[in-house]
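**Q** Give me the fold of what follows.
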Amino acid sequence: MDRRTEDRTDRLTQALRTAGVRMTKQRAALVAVLASADDHPDAVELFRRAEEQVPGISLSTVYRTLTALEQQGVIHRHQFEGASARFEHAEAAHHDHMIDVDSGDVIEFASDRIERLQAEIAAEMGYEIVHHRMELYVRRKDRSS
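**A** Numbers count the residues shown, from 1 in each chain. Presented below is the predicted three-dimensional model:
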């Protein structure tokens, strides 16, 4: 296990303890799966991965654990259009998402130019940005007809 995965495991485990959630073998497996995830899995995919390690984990345990982790602020829930909620680690620097409408892949990106433009637009209208999220729904040019 690499250092980043170890740090994530520690952070997720501590968040569950802070939330008063008992660490069971099933939750430990889910934490391990979530800590090593660098994609944006949904609850069913996390369940599938955790069940490979600990057969018998329940989907309701996965949902309850994800809710507790989200409430503790260590993971983010994304509700992309037309898909079930996906999850990612909260430690990442601000970034936006492109969602491939054909494959469902979620691609992270960051653009200083876009960030500056959004701030300029908000300022021109008399506002400052306190939070934002950008989702671009995309299709590869070579796939379109």
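
**Q** Which element, helix or strand, includes the residue nearest the centre of the chain?
**A** Nearest to the mean C-alpha position of the chain, by Cα atoms, centre = their mean, lies residue 88 at 1.7 Å. Assigned by DSSP states H and E, residue 88 belongs to strand 86-89.

**Q** Which strands and helices lie in contact with that strand?
**A** strand 75-78 (3 or more Cβ pairs under 8 Å, 6 or more residues apart in numbering; DSSP states H and E). The way it works is simple: take the backbone N, C-alpha and C, and place the C-beta from them, glycine included.

**Q** now the strand it packs on, how far from the chain's geometric center?
**A** 4 Å (Cα atoms, centre = their mean, to the nearest Å).

**Q** pretty sure residue 129 is touching residue 122, no?
**A** Yes. In this structure, residue 129 is within contact of residue 122 by Cβ atoms under 8 Å, at 5.0 Å.

**Q** Looking at those two, which is more packed in?
**A** residue 122 (14 against 11; other Cβ atoms under 10 Å).

**Q** quick one: what helix or strand has that one in it?
**A** Secondary structure (DSSP H and E) places residue 122 in helix 112-124.

**Q** For that helix, which helices and strands make contact with it?
**A** Looks like helix 112-124 contacts no helix or strand (3+ Cβ pairs under 8 Å, 6+ apart).

**Q** How far off centre is it?
**A** Offset of helix 112-124 from its chain centre (Cα atoms, centre = their mean): 25 Å.

**Q** If you average the pLDDT over that helix, what comes out?
**A** Across helix 112-124, pLDDT averages out at 95.
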